[in-house]
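Undergrad: how would this look folded up:
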Amino acid sequence: MTGTGASIFESADWYDRGIDWDARLGREIPFLRNVMGPPGQLGLLDAGCGTGRHAVAMAREGYGVVGLDSGQDMLRLAAAHAVGAGAEVRWVRSPYETLADAVGQSFDGVYCIGNSLAAAGSAEAVRQAVGNFAAVLRPGGRLVVQVLNFDAMRAEQPCVRGPRISRAESVEYVSFRVFHFGSSHAEITNVTAWNDGQWRCRSHSGRVYPVGHAELLAWLGDADLRIDACHADYQRSPFDPACQGDLIVVATRL
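TA: Now for the predicted structure:
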């Protein structure tokens, strides 16, 4: 599966209900707005848009947005969110490798966040995805890529992220993720517990490619993208490969 990290191991509905969207969008939308600048004529591409929450939020900020994902179920729910919010977004179903032909246009900015790039599945697929992001960016256009800090996570035994707490339809969900690393992949097991009158539990697993800091920067450079900044979070803390956190790269198309 390429296109979104969520859909490789969770249904769209389960992915959506497992995230505190108010908190997440409150962190991430101001960052994207600051990096991308005022809305331009060519708009933005949300690459690996999942259930479309960011695309809808950016459209409501006045940007023209195309949301791309390879998961039909993800795009179904994304379209429903757009209708509910009164936002206009063009949805495109495509994996990363056919991105340029599928969208058929250039953009002022591209963002690929939520660890979606790791779902490309292999080093070559990630490299190709980065090249395709650059191919649809106008000169001077901005790119934001966020993945987990897999370099630091490989050293953790066990490697667990969470718990995350969210609410949907008056039910509280508590979830965590366990990572097991192979030589060229990471297997992620997501476990969610909730109580809707009795305790229940659900788990599911999938594989991603654990994108490394150095290789990602190299691939961005190969695609004629200038690295502007590397952050560990959306508050712009400096990235440290040895510490917990994310890898958020901001780059500009030369």
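Undergrad: quick one: average pLDDT of stretch 21-28?
TA: Stretch 21-28 comes out with an average pLDDT of 96.
Undergrad: Where do the helices of the stretch 101-250 of the chain begin and end?
TA: Ranges of helices in the stretch 101-250 of the chain, per DSSP state H, counting those that start in this stretch, are 123-135, 150-153, 213-222.
Undergrad: Tell me where the model's unsure across the chain.
TA: The chain contains residues with pLDDT under 70 at 1-10.
Undergrad: Pop the domain breakdown of it in here.
TA: Using automatic domain parsing, the domains assigned to the chain come out as 6-149+210-253, 152-208.
Undergrad: and those domains as CSV, adding mean neighbour count?
TA: (C-beta placed from N, C-alpha, C; glycine too.) Rendered in CSV, the data for the domains of the chain read as follows (neighbours: other CB atoms under 10 Å):
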stretch, mean neighbour count
domain 6-149+210-253, 20
domain 152-208, 14
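Undergrad: And the contacts of the longest helix anywhere in the chain?
TA: Among the segments of the chain that qualify as a helix by DSSP state H, the longest is helix 21-36. The contact list for helix 21-36 (CB atoms under 8 Å, 6 or more residues apart in numbering) reads 44, 53-54, 57-58, 61, 63, 108-109, 111, 113, 142, 144, 166, 234-236, 248, 250.
Undergrad: Next step: the residues you listed restricted to strands.
TA: Mapping the contacts of helix 21-36 onto strands (DSSP state E) picks out 44, 108-109, 111, 142, 144, 166, 248, 250.
Undergrad: Greatest separation within these: which pair is it?
TA: Asp108 and Ser166 (31.9 Å; CB to CB).
Undergrad: tilt between the longest helix of the chain and strand 107-112?
TA: Counting by axes from the mean of the first three to the mean of the last three CA atoms, to 10 degrees, helix 21-36 lies at 140 degrees to strand 107-112.
Undergrad: Using PDB, write down the CA coordinates of helix 21-36.
TA: Taking Å, rounded to 0.1, in the frame of the first residue of the first chain, the C-alpha atoms of helix 21-36 are listed here in PDB:
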ATOM      1  CA  TRP A  21      -8.400  16.100  15.900                       C
ATOM      2  CA  ASP A  22      -9.000  19.300  17.700                       C
ATOM      3  CA  ALA A  23      -5.600  19.000  19.400                       C
ATOM      4  CA  ARG A  24      -3.800  17.800  16.300                       C
ATOM      5  CA  LEU A  25      -5.200  20.400  13.900                       C
ATOM      6  CA  GLY A  26      -4.500  23.000  16.500                       C
ATOM      7  CA  ARG A  27      -0.800  22.100  16.400                       C
ATOM      8  CA  GLU A  28      -0.400  21.400  12.700                       C
ATOM      9  CA  ILE A  29      -2.600  23.800  10.700                       C
ATOM     10  CA  PRO A  30      -0.800  27.000  12.100                       C
ATOM     11  CA  PHE A  31       2.500  25.400  11.100                       C
ATOM     12  CA  LEU A  32       1.400  24.600   7.600                       C
ATOM     13  CA  ARG A  33      -0.100  28.000   7.200                       C
ATOM     14  CA  ASN A  34       3.100  29.700   8.300                       C
ATOM     15  CA  VAL A  35       5.300  27.600   6.000                       C
ATOM     16  CA  MET A  36       3.000  27.800   2.900                       C
END
